[in-house]
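In: Here you go, sequence then predicted model.
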Amino acid sequence: MAHFALGNSDDALDVVQDAMMGFSRSYAKKPPEDWAPLFYQVLRSRISDCRRRLAVRNRFRAWFGGNGDDRDHDDLLLEVPDPANNSPHDQMERDDLGRALDRAIRSLPTRQQEAFLLRSWEGLDVSQTARAMQCSEGSVKTHYFRAVHALRELLEEYRQ
């Protein structure tokens with residue numbers, strides 16, 4: 001969820017770690033069944049904070065030159081051989097689908113993106129998602145329905 005919202009793995013990991021620390025400080029004594037929606041509520045807040053900080057930081061970098069991205073883009077995991085020994089064609093198709101799915105999810109409005117990721121990828125039920133998103137269950141259902149419908153349209157060529 002953080003990766004889709006921020007577009008950078010390093011920033012996403014920092015935000016998730018910060019959210020986990022904040023969550024454990026504030027909600028450790030809550031019942032375990034409340035943890036998932038509370039954590040995602042904290043995570044959403046941390047993502048918003050990070051977006052604001054990045055926007056300000058990038059404005060200043062633009063004034064002084066540079067594109068605002070000082071990271072080294074080498075990823076050593078890309079060099080590890082695939083243990084499944086898939087053909088290059090299969091790998092290319094999977095990579096293409098992954099990029100298309102990434103683009104499609106990023107193209108969704110923020111609330112639809114959140115509802116889809118919380119429900120489909122994180123496995124929260126409607127009431128937990130509503131609590132995490134701080135909205136009604138009906139709103140979650142609407143956002144989720146619209147997200148799934150939009151993703152089906154955007155990814156139609158990949159259906160088999």
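Out: Received the coordinates, thanks.
In: What segments of this structure are helices?
Out: 2-6, 9-27, 35-63, 88-107, 110-116, 126-133, 137-154 (DSSP state H).
In: how many neighbours does S26 have?
Out: 11 (other C-beta atoms under 10 Å). C-beta coordinates here come from the backbone N, C-alpha and C atoms, glycine included.
In: Is it in contact with V42, as I believe?
Out: Yes - the pair S26 and V42 qualifies as a contact (C-beta atoms under 8 Å) at a distance of 7.4 Å.
In: And the pLDDT for D125?
Out: According to the prediction, D125 has pLDDT 92.
In: wait, Q91
Out: For Q91, pLDDT reads 74.
In: quick one: the helix or strand of the chain with the lowest mean pLDDT to helix 126-133, angle?
Out: Across the helices and strands of the chain, the lowest-confidence element by mean pLDDT, DSSP states H and E is helix 35-63, at a mean of 81. Counting by axes from the mean of the first three to the mean of the last three C-alpha atoms, to 10 degrees, helix 35-63 points 40 degrees away from the direction of helix 126-133.
In: Now do helix 35-63: which elements does it pack against?
Out: Judged by 3 or more C-beta pairs under 8 Å, 6 or more residues apart in numbering; DSSP states H and E, helix 35-63 is in contact with helix 2-6, helix 9-27, helix 126-133.
In: My understanding was that R111 contacts A130; is that so?
Out: No - shown here, R111 and A130 do not form a contact pair, counting by C-beta under 8 Å, at 11.7 Å.
In: ok, these two, which is more surrounded?
Out: The residue with more neighbours, out of R111 and A130, is A130; 20 against 17, by other C-beta under 10 Å.
In: Any idea how many residues pack against the closest residue to R159 other than its chain neighbours?
Out: Sequence neighbours aside, R152 is the residue nearest to R159 in space, at 7.9 Å (criterion: C-beta to C-beta, 6 or more residues apart in numbering). Residues near R152, counting by other C-beta under 10 Å, number 11.
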